[in-house]
Structure formats: C-alpha cells, structure tokens
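S.K.: sequence first, predicted model second:
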Amino acid sequence: MKNIFLYSLIITLFNTNCGGSDDTEIYLPQSMGTQGVIEVVLNQTLWEGRLGEIVRDRLSPMIEYYPNEEYLFDLQHSTKKGFQLSSKKQRFIVQFIINPNASIEPDINYSSDVWASDQSLVRIIGNNQQEIYDVFIANAQDIQDHFMKLDLERMEIKLKLDQNYLAKKKLKEKHNLSLTVPSEMELSINNESFAAMQQLRLVSTKEKSAGDVQQFVMVYHYPYTDKSQLTKESLLAVRDSVVKKYFKGKGEDSYMITAPDSLVPSF
C-alpha cells in the first residue's frame, strides 16, 4: 500500500512541475491601471507625428460641455523597446505592429488576458505605416467603444460591491425606483416627489473635513401632460424650480440655478 501511495505522489509532482506553457495561462498576474487608462505601443517617431496625433484625437477626444479640460481616456505611450514587464500588465493596451513580411495581411485583432488577467489587448498589424494608419482609422470608433464598454462594466461591478443598500431600499419604497449609488453617498432628502443623494468631496480624508464641492444625484418627478414639457427650456425651468427650493446659497435669497448657455452649453 505504501508503494502505491508513493508512486501516486511522484506522478502528481511530475505533472505539476512539467505543466509547460499552460501554467503561464493559469497563473497570470492581475492587470494594472486605473480607470480610463490605455497603454499605446507605437514607434516614437510615429507617436510624435501625424499617426500619434490621430490616435490621441480618435481614442481620447476632449469631452464636450465640461467646465474644465477633460479627455475620454488617459493615453500612456511606450515604444516597442520600452514595452516591458510593467507596461505589459496594463489593463488596456493598443499595440501597433509593422511587419514587412508580404504574407502578412493588414488586420486588427482583440485578445484577452495575454500578459495579465482582466486585460484587453488590441493589436493593429500592417506591412508599413500607411497600412496600420488605414486599419486604425477604419476601426478607431470600435476600439473606443470596446474600451468604454469594458470600463463601464468594471465600474458597475465595483459599484454593486460597495453600494448604499439602505438608500436603495428607501428610494424603492418611496418612489418605486431602483437606483444604485456608492456607499459613501447618503440619502439626504427623501419626500413624496424629490430625493437627493449627497456625497461630500473631502479636503482632508484624515480629518473628514468637507470641501467646497458637493456632488448630488437628484430624483424628482411630476405629472406628464403634453410634449411641450419635454423641450430643453421646459426641462431646465422645472429643474431650476426644484433646486431653488432645495439648494440655497450662502447669501440671502441666493440659490442654485443651471448655468446659462453662454457660460456652459446644456444639451
């Protein structure tokens, strides 16, 4: 009986240590990178030239209507030589590959978990600069949508794991509305026709002191009568009447309003 057990143990160890390339696929490190970051692997000259400009413009356009300059993604650049271990762990990667082999057809392919788990890699392949340019231009919007979808899915998972269940329950009871908000966002107002979830931006996390910026999710409802209520002017008028009632300013008789189009366009 001892001999049978010893034989089985030796076989088990042998299989574990000689697993080959499959072990790499199983034991991948966790991907790195914060929300909205894309690693772009491209020749330095091309990155500084017209192709790099197009990549930045198509993958990370400036977001309209923001009061401050804000871009859709943050792009990090690496050359082929600089694309080493830490860069290969990034969660989102777009890799441009120029292969002069005539048998290689211009193409784009999407891969997952190549060098790290929870990773998405987009490879753009061509024989020369013009071919990778053409492939990128033809697929730029799909690439942007691909990473945006993955980022939103990641945010949704994170939010569901750390949500305010009490606020969600109260909103359902009072307004028949299911809404998921972060755990640090509190239900500060909740009556028959209006609810507000509030989150303070802290100046000091250690001291828990509130800053000048407050974030709110507001919910309000009122009876529908006709289509004229759905014009931008009507919607803004109702919103201004709501915030006038619930959001007072520091000065006497001051209150919040929607910024005029001359300052920040609304859409």
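M.R.: Arrived safely. Being a predicted model, the structure only gives us computed values, none of them experimental. Residues are numbered from 1 along each chain as shown.
S.K.: any idea which element the spatially most central residue of the chain lies in?
M.R.: In the chain, the C-alpha closest to the average C-alpha coordinate belongs to D151, at a distance of 3.4 Å (CA atoms, centre = their mean). Element membership of D151, judged by DSSP states H and E, is helix 129-161.
S.K.: so how far is that helix off the chain centroid?
M.R.: 10 Å (CA atoms, centre = their mean, to the nearest Å).
S.K.: state the next helix or strand along the chain beyond it.
M.R.: helix 165-175.
S.K.: show me the contact partners of that following helix.
M.R.: Residues from elsewhere that reach helix 165-175, judged by CB atoms under 8 Å, 6 or more residues apart in numbering: 177-181, 185-187, 190-192, 195, 197, 219, 221. For glycine as for every other residue, the C-beta is placed from the backbone atoms N, C-alpha and C.
S.K.: centre of the chain to that helix, how far?
M.R.: Chain-centre distance of helix 165-175: 27 Å, with CA atoms, centre = their mean.
S.K.: what does stretch 174-190 give?
M.R.: Centre-to-centre, stretch 174-190 and its host chain are 22 Å apart (CA atoms, centre = their mean).
S.K.: quick one: end-to-end length of it, please.
M.R.: With CA to CA, to the nearest Å as the measure, stretch 174-190 spans 8 Å from end to end.
S.K.: also stretch 213-228?
M.R.: For stretch 213-228, the first and last residues are 34 Å from each other (CA to CA).
S.K.: check stretch 117-129 too.
M.R.: End-to-end for stretch 117-129, by CA to CA: 31 Å.
S.K.: same deal with stretch 102-121?
M.R.: OK, stretch 102-121 end separation, CA to CA: 24 Å.
S.K.: can you give me the buried ones in that stretch?
M.R.: Within stretch 102-121, the residues that count as buried by 16 or more other CB atoms under 10 Å are 106, 108, 115-116, 119-121.
S.K.: wait, a strand at Q214?
M.R.: Yes - Q214 forms part of a strand when assessed by DSSP: H, G, I helix; E, B strand; the rest coil.
S.K.: shaky segments in the protein?
M.R.: Applying pLDDT under 70 to the chain picks out residues 1-26, 67, 202-212.
S.K.: now stretch 55-66: buried residues?
M.R.: Within stretch 55-66, the residues scored as buried using 16+ other CB under 10 Å are 55-56, 59-60.
S.K.: go on, stretch 31-47?
M.R.: Residues of stretch 31-47 classed as buried by neighbour count (16+ other CB under 10 Å): 31-33, 36-43, 46-47.
S.K.: what does stretch 180-192 give?
M.R.: By neighbour count on 16+ other CB under 10 Å, the buried set for stretch 180-192 is 181-182, 185, 187, 190.
S.K.: ok so, going back, tell me if I'm right that the residue nearest to the centre of the chain and G33 touch.
M.R.: No - using CB atoms under 8 Å, D151 is not in contact with G33; the gap is 10.4 Å.
S.K.: pull up the distance across stretch 52-69, start to finish.
M.R.: Using CA to CA, the end-to-end distance of stretch 52-69 comes to 20 Å.
S.K.: ditto for stretch 34-48
M.R.: This stretch, stretch 34-48, spans 24 Å end to end (CA to CA).
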